[in-house]
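Chemist: any chance you can model this:
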Amino acid sequence: MAINPETLQNWSFTDVQHAYTERDTILYALGLGLGRDPMDAGELAYVYEQDLKVIPTFAVTLATLGLWVKDPATGITWQKLVHSGQSATFYQPLPARAEVRGAARISAVYDRGPEKGAVIVVERSIFDAQSGACYCKLEQTLMLRADGGFGGAPPPANDVAIPATPAAQRITYQSVPGQAILYRLSGDWNPLHIDPQIAQAAGFSRPILHGYCSYGIAGWVACQAADRNTDELESLQCQFSGPVLPGDELDFHFWHNDAGELLFRADVKGRTVLNRGRATFR
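Modeler: Numbering: from 1, shown residues only. Below is the predicted model of the structure:
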């Protein structure tokens, strides 16, 4: 059944207030897998409250919208929804503790056609609740697999082209079996990531890693590949091409283009799980 694009384009989200502390900041970094080596000073800076640094992608956990797609008025077949891509622009570093406000809107609705589904882009900006300064803008791409065919415009072509040449750099990142159990404490309680029966009913052999967790890992590894401080990360985008199981080793491939951007994809045992990735730095 097709959605009503006008309903979604005019969907009203209430601004969300969110106060977080150093505990939340540290828990997010731990959920990405940092802090496994207490002698690694680079990672310790993100998991030790003394002079605590914040990973920019922590913003995806702030002022979230909850399960708004379950509202029958949206017309969305939420059971067939997939988080297919994520991008963010970071304007200034997040503090270790703060009170923030999230303002969201649906910025685009596209039609892939009958039997192919629809695509919507949910934009969320995170502001300091006191000063009003904007920390970042997040764009979440959702694939509504059962809701296409309403006669709308097709989604634009992705402008990130991964080169066919061998990668200039490769970095592996080892996830751990219990990683999704830890990451979900940052606020994503979807049982798909912890309940074996629900995961198997969805077609997976075991609970899968959160897409947002893979996205955060990508941001961290991109900074290592570029030899840049996380505060210098200006933007990060990628598509989610396949599931990651906790315990998988992610094999990141990086290319540097003429525009000064860092392009990437990530594979697990030769299967691409993150694609059309791009990171830029200040």
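Chemist: residue ranges of the helices in the chain, please?
Modeler: 5-9, 22-32, 41-44, 179-183, 196-201, 211-226 (DSSP state H).
Chemist: report the buried residues of the shortest one.
Modeler: Read that as helix 41-44. Neighbour-count burial for helix 41-44, counted by 16 or more other CB atoms under 10 Å, picks out E43, L44. Every C-beta, even on glycine, is put in place using the N, C-alpha and C of the backbone.
Chemist: hmm, who's touching stretch 185-197?
Modeler: Contacts of stretch 185-197 with the rest of the structure, by CB atoms under 8 Å, 6 or more residues apart in numbering, involve 24, 27-28, 31, 61, 64, 180-181, 183-184, 198-199, 202, 204, 206-210, 212.
Chemist: give me the distance between the two termini of it.
Modeler: End-to-end distance for stretch 185-197, by CA to CA, to the nearest Å: 20 Å.
Chemist: pLDDT of it, averaged?
Modeler: Mean pLDDT, stretch 185-197: 93.
Chemist: the longest strand seen in the chain vs helix 22-32, what angle?
Modeler: Secondary structure of the chain per DSSP state E: the longest strand is strand 98-113. Between strand 98-113 and helix 22-32, the angle formed by their directions is 40 degrees, by axes from the mean of the first three to the mean of the last three CA atoms, to 10 degrees.
Chemist: for strand 98-113, packing partners?
Modeler: helix 5-9, strand 16-20, strand 117-128 (3 or more CB pairs under 8 Å, 6 or more residues apart in numbering; DSSP states H and E).
Chemist: how close does the nearest residue to V160 once chain neighbours are set aside sit to W11?
Modeler: Once flanking residues are discounted, V160 sits nearest to R276: 4.1 Å by CB to CB, 6 or more residues apart in numbering. Computed as CB to CB, to the nearest Å, the R276 to W11 distance reads 27 Å.
Chemist: likewise for Y110?
Modeler: Taking CB to CB, one finds Y110 at 15 Å from W11.
Chemist: now swap in L144 and tell me
Modeler: Note on L144: its distance to W11, by CB to CB, is 13 Å.
Chemist: so between these two, which is more surrounded?
Modeler: Legend: neighbour count by other CB atoms under 10 Å for L144 and W11, higher for L144 (27 against 17).
Chemist: and that one, bridged to which residues?
Modeler: Beta-bridge pairing for L144 (DSSP bridges): L81, A118.
Chemist: got a list of what it touches?
Modeler: I3, I76, T77, K80, L81, G117, A118, V119, I120.
Chemist: D40: which of these is nearest?
Modeler: L81 (37.6 Å; CB to CB).
Chemist: what is the burial count for the closest one?
Modeler: L81 is flanked by 18 other residues according to other CB under 10 Å.
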